[in-house]
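Novice: sequence and predicted model, in that order:
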There are 2 protein chains.
Amino acid sequence: MREVLEEWRPIVDGEIERLLPRAINETYLSEFFGPASYEYDPDSLQRALSVPIWNLLDRGGKRWRAIVFLLLIDGFGEDPHDYLPYACIPEILHNGTIIVDDVEDGATMRRGQPALHHIKGTDVALNAGNAMYFLPLKIITHNPADLSAETRLSAYEMLMHELNRTHLGQGMDICWHNKQEIDITEQEYLEMCACKTGCLGRIVAQLATIVTGQDESVQQTAAKFTELMSVAFQIGDDILDVETSNEDGGSFGKGAGNDIREGKKTLMAIHAANHAPPEKVARMEEILWADDNTPEEIETVVDLFYETGSVEYAREQAQMISKSARENLAELDLDPVVTEQLSEFTQFVIERNA
Amino acid sequence: MREVLEEWRPIVDGEIERLLPRAINETYLSEFFGPASYEYDPDSLQRALSVPIWNLLDRGGKRWRAIVFLLLIDGFGEDPHDYLPYACIPEILHNGTIIVDDVEDGATMRRGQPALHHIKGTDVALNAGNAMYFLPLKIITHNPADLSAETRLSAYEMLMHELNRTHLGQGMDICWHNKQEIDITEQEYLEMCACKTGCLGRIVAQLATIVTGQDESVQQTAAKFTELMSVAFQIGDDILDVETSNEDGGSFGKGAGNDIREGKKTLMAIHAANHAPPEKVARMEEILWADDNTPEEIETVVDLFYETGSVEYAREQAQMISKSARENLAELDLDPVVTEQLSEFTQFVIERNA
């Protein structure tokens, strides 16, 4: 499975570089975005788009969204190389949301380096992040795999559907964050994950089904597979933040124990609020909503998560959701080798170490 | 012409309210964005989207983008009422860009009140602004005027084209802003306006031609009309900022002399840099790039703009571009009454007082 990652990652990056070169000139701008009305300033556009975007991409990231897309194409019996530009769509969108989310969350670190807006300024980072919401959608108009008008319309409508719901997910997350009270249900938390993280996963799978002309039912099953995979991934991410909270913060990109420091309402926090004695819940909330926390305070909350069985509960939920994801995958009835690769991938994504 | 504005504005606002109600509930969310995977949190989504967006919309704005769209529909011989939801697309997009631009520019005021991110927080404002980039595009999927698949695809492809170029415009503007040197040409300045402001104008006109099934050549002429109108509008806006710089700052939404305070490279600044003696240019640049300015410093730059004929030059350019806009309008050969209304509108938009 690591071989799959290692095989495809440079190919995906090469394709992203074709879509957004490190060095931008007038010819690229005219060909990709259409001719200027007056005259482009390629130097400024290189500093505004190419430099900040590659600054983030060069920090790493596994490109698993692109690679799951390519494996699905393979599984549907088509040649992944024919659809490479489409593989970049969810990858560029994802990295765009990272830049914007970091501004929204006031994040300081990303992939072990200062968040992009701390290096390039909020204006440049934000505009680059937002440009990444639209740049990849232009690929469908360029139509590299010679898709029919109906197919391209389906792709656009699917993308608009999912990108709208992405903003619902982020909206819920932000509002909960700003409200100093745990009054949300587990179902609402899962919805937030399904929207905020799951919709990008859904884009991966649905784009693969749409460009290869699969039935609506296959599209829905594939979407469910990657949505559930993403939700499980998010819960896994939350658990990882707790597990590594006592270790060297630098080893986990964003700094561990961060969710507690930020007062994030994770599945563990919701579960603990429902299962701990009132005075312990009160103390946990005090710590969650404080502007700053001592390492001891972080530990108090982590201990409570373990005492109430909340970490274990979250892990069980992630595993159940992951199992359900693999059931949807099995239902797609792809080539066994590809199914095995995607299944391993699902496990890997959820159980990964940073 | 004011009657046209007064007649349509409440109708447009009513339609926006149908698309994004002030009170959000589960039924609306399921119908507009599709059913939840688990369970939406309507209260949070009201606070995340509806409240901040209506906070901005209720401050005013003439909705001229929606109204120009409706007049064009009328001019093409169709009933504007049949296309009301589409009229909201450029209007919602425009207000979304306002929220995002204000975060990017670090603006403090908007339409006479604190910028939205100062009231609602950067996270809520930014997510609401970005949601406004995608919410209106969902209208095309909902397909209220029963358009063909080809027509909807054309609409999406046009929107992706223009929204990409919008980010090129903003990218150039930001980079120039951050670079303390006037080394751009007038053609590059006009391109920035054509992208940043003009593309939204182009959306207005092209959406009207696409939904009513006009020829490609009509689409291009109409797009040029509103692009040029928008560029002239932008230059008019720059002039207004200089003209009102000695008056009560509060009378002009953003605070007058603001462009100088922000170090904006306007057509006047470029012209003055090319026509003033070197020592005066050096002093102007010193003032433009300073973190803060005294009223006397603002006046020094304003005086230089007048001495070098730069204000007059910008006004001439705006009038030439506006004339060219009206020539494109005439070429559309619409009903004379509508042509007259749109022509008055163009004048009004450019020569308006705040």
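Specialist: Now that the structure is in, tell me what you want to look at. Numbers count the residues shown, from 1 in each chain, chains lettered A, B, ... in the order given.

Novice: and A:V12, that's in a helix?
Specialist: Yes. Per DSSP: H, G, I helix; E, B strand; the rest coil, A:V12 lies within a helix segment.

Novice: pLDDT score for it?
Specialist: At A:V12, the predicted lDDT confidence score is 98.

Novice: list the contacts of it.
Specialist: If you count contacts by Cβ atoms under 8 Å, 6 or more residues apart in numbering or on different chains, A:V12 has them with A:R63, A:A66, A:I67, A:L70, A:L84, A:A87, A:C88, A:E91. Just so you know, the C-beta spots here come from the backbone N, C-alpha and C atoms, and that holds for glycine as well.

Novice: straight-line length of stretch A:188-208, end to end?
Specialist: Counting by Cα to Cα, to the nearest Å, you get 28 Å between the two ends of stretch A:188-208.

Novice: need the residues of the stretch 151-300 of chain A near chain B, please.
Specialist: For the stretch 151-300 of chain A, the contact set with chain B under Cβ under 8 Å from any Cβ of the partner chain comprises A:152-153, A:156-157, A:160-161, A:163-165, A:167-168, A:170-172, A:174-179, A:184-185, A:187-188, A:190-192, A:194-195, A:198, A:227.

Novice: among those, the buried ones, what's the ChimeraX command?
Specialist: For the buried members of those, the matching ChimeraX selection, counting by 16 or more other Cβ atoms under 10 Å in any protein chain shown, is:
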select /A:152,153,156,157,160,161,163,164,165,167,168,170,171,172,174,175,176,177,179,184,188,190,191,192,194,195,198,227
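
Novice: doesn't A:I67 make contact with A:F348?
Specialist: No. Using Cβ atoms under 8 Å, A:F348 is not in contact with A:I67; the gap is 10.9 Å.

Novice: pick out whichever of these two has more residues nearby.
Specialist: Set side by side, A:F348 and A:I67 show more neighbours around A:I67, with 25 against 14, by other Cβ atoms under 10 Å in any protein chain shown.

Novice: work out for me the element that one sits within.
Specialist: Here A:I67, judged by DSSP states H and E, is contained in helix A:64-75.

Novice: pull the residues that contact that helix.
Specialist: Contact with helix A:64-75 is made by A:4-5, A:8-9, A:12, A:79-80, A:82-84, A:86-88, A:90-91, A:94, A:200-201, A:204-205, A:207-209, A:211-212, A:222, A:226, A:332, A:334-335, A:338-339, A:341-342, A:345, A:349, as judged by Cβ under 8 Å, 6+ apart.

Novice: and with 7 Å instead?
Specialist: Contact partners of helix A:64-75, identified using Cβ atoms under 7 Å, 6 or more residues apart in numbering or on different chains, comprise A:4-5, A:8, A:12, A:80, A:83, A:86-88, A:90-91, A:94, A:200, A:204-205, A:207-208, A:212, A:222, A:226, A:332, A:334-335, A:338-339, A:341-342, A:345, A:349.

Novice: just the CA atoms of stretch A:118-132, as PDB, please.
Specialist: This file holds the C-alpha atoms of stretch A:118-132, laid out as PDB (Å, rounded to 0.1, in the frame of the first residue of the first chain):
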ATOM      1  CA  HIS A 118       1.700  33.800   9.100                       C
ATOM      2  CA  ILE A 119       4.300  33.600   6.400                       C
ATOM      3  CA  LYS A 120       2.500  35.300   3.400                       C
ATOM      4  CA  GLY A 121       0.000  37.500   5.100                       C
ATOM      5  CA  THR A 122      -3.700  36.900   5.600                       C
ATOM      6  CA  ASP A 123      -4.600  38.700   2.300                       C
ATOM      7  CA  VAL A 124      -2.300  36.600   0.100                       C
ATOM      8  CA  ALA A 125      -3.100  33.300   1.900                       C
ATOM      9  CA  LEU A 126      -6.800  33.800   1.900                       C
ATOM     10  CA  ASN A 127      -7.000  34.800  -1.800                       C
ATOM     11  CA  ALA A 128      -4.800  31.900  -2.700                       C
ATOM     12  CA  GLY A 129      -6.900  29.500  -0.700                       C
ATOM     13  CA  ASN A 130     -10.100  30.800  -2.300                       C
ATOM     14  CA  ALA A 131      -8.500  30.700  -5.800                       C
ATOM     15  CA  MET A 132      -8.000  27.000  -5.000                       C
END
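
Novice: and chain B, is it touching that?
Specialist: Yes. Using Cβ under 7 Å from any Cβ of the partner chain, stretch A:118-132 reaches chain B at A:G121, A:T122, A:D123, A:V124, A:L126, A:N127, A:N130, A:A131.

Novice: from B:N164, how far off is the fourth one?
Specialist: Read that as A:V124. Going from A:V124 to B:N164 by Cβ to Cβ, to the nearest Å gives 17 Å.

Novice: then the second one?
Specialist: Per Cβ to Cβ, A:T122 is found 21 Å from B:N164.

Novice: thinking again about what came up before, buried stuff in the helix holding A:I67?
Specialist: By 16+ other Cβ under 10 Å, the buried positions in helix A:64-75 come out as A:W64, A:R65, A:A66, A:I67, A:V68, A:F69, A:L70, A:L71, A:L72, A:I73, A:D74, A:G75.

Novice: and for stretch A:6-17?
Specialist: A:W8, A:R9, A:I11, A:V12, A:D13, A:E15, A:I16.

Novice: distance to A:E296 added to those, as CSV?
Specialist: Formatted as CSV, those follow (distance: Cβ to Cβ, whole Å):
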residue, distance to A:E296
A:W8, 44
A:R9, 41
A:I11, 48
A:V12, 43
A:D13, 43
A:E15, 48
A:I16, 44
